[in-house]
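In: sequence unavailable; structure follows:
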């Protein structure tokens, strides 16, 4: 449970990414495109309900539902995640203070209703899977652009949208994946598809299945991670999302965790 | 009280019937939520496989309400215990109302309040007294009893101040009678006759009200807190009335709860994949037994402390280790307790099969009496909310708080369904 919660913070990254940069006049490089993707606008605060359906090779399903609140504090970001399903983790709350400075460690707390107290938890291991899904910490979007070397491979049309196709090679040779091929939407600056390779070949494929504007902000409402090597799939759906609703600062304090409702 | 709990139970079951049939079909209004769990545990004694140590089924129902400016929570337990018949019945658990203001909140009623940074060890965490009736076979949250309290919190951006008033005293519950976890505190002896009076508990009054104040700061990279709790000792001191008659010493125990003031400090600091935790408390006024057994216990102050490290190295591994101890100040040789005691805890767990299977091993090591309590546990989530568990509890040593249970080492299975 504790490890799971370490990863929840990065879910917020899916619905909370700061402002954009401009590509160079000669056409964007792979790195510039990934910076566009990383920094796309998403409002000052946001709240959403996310459901993840885990599907095994026999078609059996498990459902995890998380309510997510996040708000920007300058360049830093705070997020609160409340587990709603399954029932045995209902009411568990995760609070994350994420800092812009790369060398500033995030602050994380976890509140479990059974223990009736909040506790500090440490940083996450990047190769762990979030709540048994096929998404790892890295997959969720908390990966720094400079952790990979990006090369623009060309342009492709994918599901009726124009995309840049980019190869990402990890700087760290010990990384979980040896190579990723990424399709970034040229208009929305969103990751539309990703292929993840390790030394044995293709491991899994990410697909954004429903991309729309919500309050003028491009949002991925439905996506899936098809884990080919494990014959398992995770469907991620946002049932509701609201931007710039004026979330109060008190929602992101440790004292809010014990109240049990958000 | 039990009649009221039965009415609440009926209301909850009425609501839950539709809820369990399908979440959209609940008959409860939107501002009311029903949740809970149902579990059963059965065990056999490790050295007598035909004997049960733990055998019970329990239903917990929880109603959460949020109506305009008021929050409410009620929970209750219904239990059938085949091993300890007194535990069978329906009992209310928590029942409180709360209001959240601008920069403050207030909660009034029966509630469980947990303090501290320790895991499974009580240093400053003595607001809600423990129920040790079946402490080993119950989850940590189940052995904490609610207190009737008012809790007011002043909430700052990084510093919270908490004030707790508990007008009604509640003592810790210890296992007695035929309970397999009961420990005989009075040994029979030639030339002695023992008897015991009912414990004298403080009456409910303003003067006897327990008061706790705590200030907590949540900073970047550091949590710190300081607290004072002016309370009554949850454990009664066994005062004696000794009388000689016809060559026999008649000793009558008169258990009495005494005032206790506890000053606490705690911290928690993350670093990389580690979290370092520490907690210490100065206990002023706790009474200690004497080794000769004939004289009244003596008040002696003590310091309890704990240091812990949580390590989460990745790949669904978790390692938690703690060292804790108590030092009795101005210790005298006539005391039954040692001047210093030490205990270590070690907990390692690993999740497998997409985090549906958890293997864990938790060990308590009493370093003074060379005693041990080790629990190996397998927890499989068969479907969402349904857990199948099995475990092996081993007690070892000749003395101390775990060694005395060496005949209670048990193999157990448990099923728990949360809804």
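Out: Structure's in. What do you need? Keep in mind that this is a model prediction, so the values were computed, not measured.
In: could you pull out the buried residues of stretch B:263-271?
Out: Buried residues in stretch B:263-271, counted by 16 or more other Cβ atoms under 10 Å in any protein chain shown: B:263, B:264, B:265, B:266, B:267, B:268, B:269, B:270. Just so you know, the C-beta spots here come from the backbone N, C-alpha and C atoms, and that holds for glycine as well.
In: just checking: which of the residues you listed also lie near chain A?
Out: Restricting those to those adjacent to chain A (criterion: Cβ under 8 Å from any Cβ of the partner chain) gives B:268, B:269, B:270.
In: can you lay out these as JSON lines showing distance to residue B:116 and pLDDT?
Out: Formatted as JSON lines, these follow (distance: Cβ to Cβ, whole Å; pLDDT from 0 to 100):
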{"residue": "B:268", "distance to residue B:116": "10", "pLDDT": "97"}
{"residue": "B:269", "distance to residue B:116": "15", "pLDDT": "96"}
{"residue": "B:270", "distance to residue B:116": "17", "pLDDT": "94"}
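In: for the nearest residue to residue B:386 once chain neighbours are set aside, what are its contacts?
Out: Of all residues not flanking residue B:386 in the chain, residue B:417 sits nearest, at 5.1 Å (Cβ to Cβ, 6 or more residues apart in numbering or on different chains). If you count contacts by Cβ atoms under 8 Å, 6 or more residues apart in numbering or on different chains, residue B:417 has them with B:37, B:38, B:39, B:385, B:386, B:387.
In: now, the ones next to chain A among the buried residues of stretch B:263-271 that are in strands?
Out: Among those, the members found in strands (DSSP state E) are B:268, B:269, B:270.
In: between these, which is nearest residue B:248?
Out: Distance to residue B:248, by Cβ to Cβ, is smallest for residue B:268 among those, at 55.7 Å.
In: can you pull up the bridge partners for the closest one?
Out: residue B:223, residue B:277 (DSSP bridges).
In: ok, now which ones touch it?
Out: Contacts for residue B:268 (Cβ under 8 Å, 6+ apart) come out as A:119, A:120, B:117, B:222, B:223, B:275, B:276, B:277, B:278.
In: how near is the last one to residue B:268?
Out: The reference is to residue B:278. According to Cβ to Cβ, to the nearest Å, residue B:278 and residue B:268 sit 8 Å apart.
In: check the residue nearest to residue B:386 and give its pLDDT.
Out: pLDDT, residue B:417: 97.
In: using the three-state scheme, assign it.
Out: Secondary structure for residue B:417, judged by DSSP: H, G, I helix; E, B strand; the rest coil, is strand.
In: and if you look at residue B:292?
Out: Classified using three-state DSSP, residue B:292 is coil.
In: which one of the contacts of residue B:417 sits closest to residue B:320?
Out: Nearest to residue B:320, judged by Cβ to Cβ, of the contacts of residue B:417 is residue B:387 at 20.5 Å.
In: what's the spacing between the residue in chain B positioned nearest to chain A and residue A:128?
Out: Per Cβ to the nearest Cβ, the residue of chain B with the smallest distance to chain A is residue B:314, at 2.6 Å. Relative to residue A:128, residue B:314 is positioned 6 Å away (Cβ to Cβ).
In: the more surrounded of those two?
Out: Ranked by neighbour count (other Cβ atoms under 10 Å in any protein chain shown), residue B:314 and residue A:128 place residue A:128 first, with 21 against 16.
In: hang on, that one packs against residue A:136?
Out: Yes: judged on Cβ atoms under 8 Å, residue A:128 makes contact with residue A:136 at a distance of 6.3 Å.
In: just the pLDDT for residue 60.
Out: Let's take chain A. With respect to pLDDT, residue A:60 scores 91.
In: not quite, go with chain B.
Out: Predicted confidence (pLDDT) for residue B:60: 96.
In: before we move on, what about residue A:21?
Out: What the model reports as pLDDT for residue A:21 is 43.
In: over to the one 3 residues further on?
Out: Looking at residue A:24, its pLDDT stands at 51.
In: swap in residue A:2?
Out: 38.
In: now residue B:243
Out: For residue B:243, the predicted pLDDT is 86.
In: and it, how many neighbours?
Out: 10.
In: do the same with residue A:77
Out: Residues near residue A:77, counting by other Cβ under 10 Å: 23.
In: now it. Nearest residue, chain neighbours left out?
Out: Spatially, and ignoring its direct neighbours in sequence, residue A:77 is nearest to residue A:98 (4.7 Å; Cβ to Cβ, 6+ apart).
In: surely the one you found touches residue A:105?
Out: No: counting by Cβ under 8 Å, residue A:98 does not reach residue A:105; the two are 10.0 Å apart.
In: the two: who's more crowded?
Out: residue A:98 (22 against 16).
In: please name the bridge partners of the residue of chain B closest to chain A.
Out: Under the criterion DSSP bridges, residue B:314 forms beta bridges with residue B:317.
In: what's the per-residue pLDDT of it here?
Out: pLDDT, residue B:314: 85.
In: isn't it up against residue B:351?
Out: No: taking contacts as Cβ under 8 Å, residue B:314 lies outside contact range of residue B:351: 11.4 Å.
In: can you list the buried residues in stretch B:340-353?
Out: Buried residues in stretch B:340-353, defined by neighbour count with 16+ other Cβ under 10 Å: B:341, B:343, B:345, B:347, B:349, B:351.
In: neighbours around residue 55, how many?
Out: Looking at chain A here, since you left the chain open. With neighbours defined by other Cβ under 10 Å, the count for residue A:55 comes to 17.
In: wrong chain, I was asking about chain B
Out: Neighbourhood size, residue B:55 [other Cβ under 10 Å]: 17.
In: just to check, it is in contact with residue B:81?
Out: Yes: in this structure, residue B:55 is within contact of residue B:81 by Cβ under 8 Å, at 7.2 Å.
In: what's the helix or strand hosting residue A:166 in contact with?
Out: Assigned by DSSP states H and E, residue A:166 falls within strand A:161-170. Strand A:161-170 is contacted from outside by A:28, A:30, A:33-34, A:147-157, A:177-188, A:192-193, A:211, using Cβ under 8 Å, 6+ apart.
In: what subset of the residues you listed is buried?
Out: Among the contacts of strand A:161-170, the ones that count as buried by 16+ other Cβ under 10 Å are A:28, A:30, A:33-34, A:148, A:150, A:152, A:177, A:179-186, A:188, A:192-193, A:211.
In: inside strands: which ones of the residues you listed?
Out: Using DSSP E, the subset of those located in strands is A:148, A:150, A:152, A:179-185, A:192-193, A:211.
In: can you name the two of those that are farthest apart?
Out: Greatest spacing in these, by Cβ to Cβ: A:179 and A:211 (24.6 Å).
In: still on that earlier bit, could I get the ones in strands among the buried ones among the contacts of strand A:161-170 as JSON lines with distance to residue B:77 and pLDDT?
Out: As requested, these are arranged in JSON lines below (distance: Cβ to Cβ, whole Å; pLDDT from 0 to 100):
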{"residue": "A:148", "distance to residue B:77": "53", "pLDDT": "93"}
{"residue": "A:150", "distance to residue B:77": "57", "pLDDT": "97"}
{"residue": "A:152", "distance to residue B:77": "62", "pLDDT": "97"}
{"residue": "A:179", "distance to residue B:77": "55", "pLDDT": "96"}
{"residue": "A:180", "distance to residue B:77": "51", "pLDDT": "96"}
{"residue": "A:181", "distance to residue B:77": "55", "pLDDT": "98"}
{"residue": "A:182", "distance to residue B:77": "53", "pLDDT": "97"}
{"residue": "A:183", "distance to residue B:77": "54", "pLDDT": "98"}
{"residue": "A:184", "distance to residue B:77": "54", "pLDDT": "97"}
{"residue": "A:185", "distance to residue B:77": "53", "pLDDT": "97"}
{"residue": "A:192", "distance to residue B:77": "51", "pLDDT": "97"}
{"residue": "A:193", "distance to residue B:77": "51", "pLDDT": "97"}
{"residue": "A:211", "distance to residue B:77": "48", "pLDDT": "95"}
